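J.: model the following, please.
(one chain, ligands or ions: 1)
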Amino acid sequence: MIELHGVSVAFGDGAQLRWVLDDISVVLCEQRIGIIGANGSGKSSLARLLNGLLLPTSGTVSVDGFDTKRDGREVRRRVGFCFTDPDSQIIMPTVGEDVAFGLGRRGLSKAEIAARTADALEQVGLADRADHPAHLLSGGQKQLLALAAVLVTEPSILVLDEPTTLLDLRNSRAIAARIARLPQQVVLVTHDLDLLRTFDRALVVHDGRIHFDGSPSDAIAAYRAAIDADGAL
Ligand SMILES: Nc1ncnc2c1ncn2[C@@H]1O[C@H](COP(=O)(O)OP(=O)(O)OP(=O)(O)O)[C@@H](O)[C@H]1O
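T.: Numbering: from 1, shown residues only. You can find the predicted model right below:
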């Protein structure tokens with residue numbers, strides 16, 4: 001369970017200080033939660049708070065009772081994060097090595113690392129690509145690899161920041177299908193409103209605040225209404 005209490009985030013300082021999230025309090029415990037909203041509204045900042053990639057300027061964020069400021073290590077063990085651009089996450093030459101890399105410094109035997117790597121690749125449908133050069137994968141396969149590299153660390157919560165933005169329809173469907181089968185709690189930032197159809201809950205972020213919180217269909221309607229009210233369409 002993720003809890004945010006009175007969370008605000010500012011970037012810059014002095015005359016350059018800019019608040020991008022404003023007094024957010026929310027408890028996230030459903031299995032599938034979407035975050036939607038306009039460009040620059042604060043969605044990624046909100047997502048990054050959830051595993052301590054970004055720390056609140058004021059207020060607190062906790063995961064299963066562990067505070068992201070005080071207990072960063074415990075939080076990162078529980079919350080895996082996938083970035084929009086998988087290239088920024090792929091580190092090693094081959095697919096298998098890249099997934100195994102996440103298990104370094106855990107004191108696991110070679111056999112355990114190999115078994116967990118194979119299992120993570122199986123989960124995302126890349127089991128036959130272990131020896132393939134990671135940079136030669138397609139965009140969709142790279143997204144799946146980035147997901148496997150997070151899954152191998154066995155997080156109980158996954159935060160995915162726009163995992164289908166770079167993908168064509170076929171690959172985004174493949175990612176959506178994999179996400180749907182994951183046993184973990186998933187918090188998904190997306191502009192692809194179709195992805196939320198089967199979700200339990202969706203938050204609409206608007207101007208750094210949670211503008212709406214409820215069912216995905218009501219959230220999409222609230223998002224459309226907010227954009228219309230802004231005169232942006
Ligand atoms: N590290 C940073 N330093 C300064 N400003 C930042 C930083 N990260 C984000 N911002 C600003 O915070 C605001 C919210 O950004 P954020 O990436 O959270 O929005 P978003 O809703 O995810 O947008 P998008 O849909 O375009 O990805 C933007 O105005 C952005 O420029």
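J.: got the CA positions of the helix or strand bottoming out on mean pLDDT in the chain in PDB?
T.: One helix or strand of the chain scores below all others by mean pLDDT, DSSP states H and E: helix 169-181, with a mean of 84. The C-alpha trace of helix 169-181 is given here as PDB (Å, rounded to 0.1, in the frame of the first residue of the first chain):
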ATOM      1  CA  LEU A 169      -0.700  -0.800 -31.900                       C
ATOM      2  CA  ARG A 170       0.600  -4.400 -32.000                       C
ATOM      3  CA  ASN A 171       3.400  -3.800 -29.500                       C
ATOM      4  CA  SER A 172       1.200  -1.700 -27.200                       C
ATOM      5  CA  ARG A 173      -1.300  -4.500 -27.100                       C
ATOM      6  CA  ALA A 174       1.400  -7.000 -26.300                       C
ATOM      7  CA  ILE A 175       2.600  -4.800 -23.400                       C
ATOM      8  CA  ALA A 176      -1.000  -4.300 -22.200                       C
ATOM      9  CA  ALA A 177      -1.600  -8.000 -22.300                       C
ATOM     10  CA  ARG A 178       1.600  -8.700 -20.300                       C
ATOM     11  CA  ILE A 179       0.700  -6.000 -17.700                       C
ATOM     12  CA  ALA A 180      -2.800  -7.400 -17.300                       C
ATOM     13  CA  ARG A 181      -1.300 -10.800 -16.400                       C
END
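J.: tell me the mean pLDDT over the following helix or strand past that helix?
T.: Later in the chain than helix 169-181, the nearest helix or strand by DSSP states H and E is strand 185-189. Taken as a whole, strand 185-189 carries a mean pLDDT of 96.
J.: relative to strand 185-189, what are the paired strands and their orientations?
T.: strand 32-37 (parallel), strand 157-161 (parallel) (DSSP bridges).
J.: between these, which one is closest to the ligand.
T.: strand 32-37 (5.6 Å; Cβ to the nearest ligand atom). (Glycine included, C-beta is placed from N, CA and C.)
J.: all strands for the chain, in order.
T.: Assigned by DSSP state E, the strands in the chain fall at 2-11, 18-28, 32-37, 58-63, 66-67, 79-82, 157-161, 185-189, 201-206, 209-214.
J.: who's in contact with the least confident helix or strand of the chain?
T.: 123-125, 138-141, 143-144, 147, 160, 163-164, 167, 186, 188, 192, 195, 198 (Cβ atoms under 8 Å, 6 or more residues apart in numbering).
J.: now do the buried residues in stretch 93-108.
T.: 94-96, 98-100, 102-103 (16 or more other Cβ atoms under 10 Å).
J.: sorry, wrong one. I was asking about stretch 211-227.
T.: Judged by neighbour count using 16+ other Cβ under 10 Å, the buried positions of stretch 211-227 are 211-212, 216, 219-220, 222-223, 226.
J.: what's it in contact with?
T.: Taking Cβ under 8 Å, 6+ apart as the rule, stretch 211-227 contacts 26, 34, 36-38, 193, 196-197, 199, 201-206, 233.
J.: make a ChimeraX selection of the buried ones in those.
T.: In ChimeraX, a selection of the buried entries from the contacts of stretch 211-227 looks like this (16+ other Cβ under 10 Å):
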select :34,36,37,38,193,196,199,201,202,203,204,205,206
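J.: and the protein, which residues reach the ligand?
T.: 11, 20, 37, 39-45 (Cβ under 6 Å from any ligand atom).
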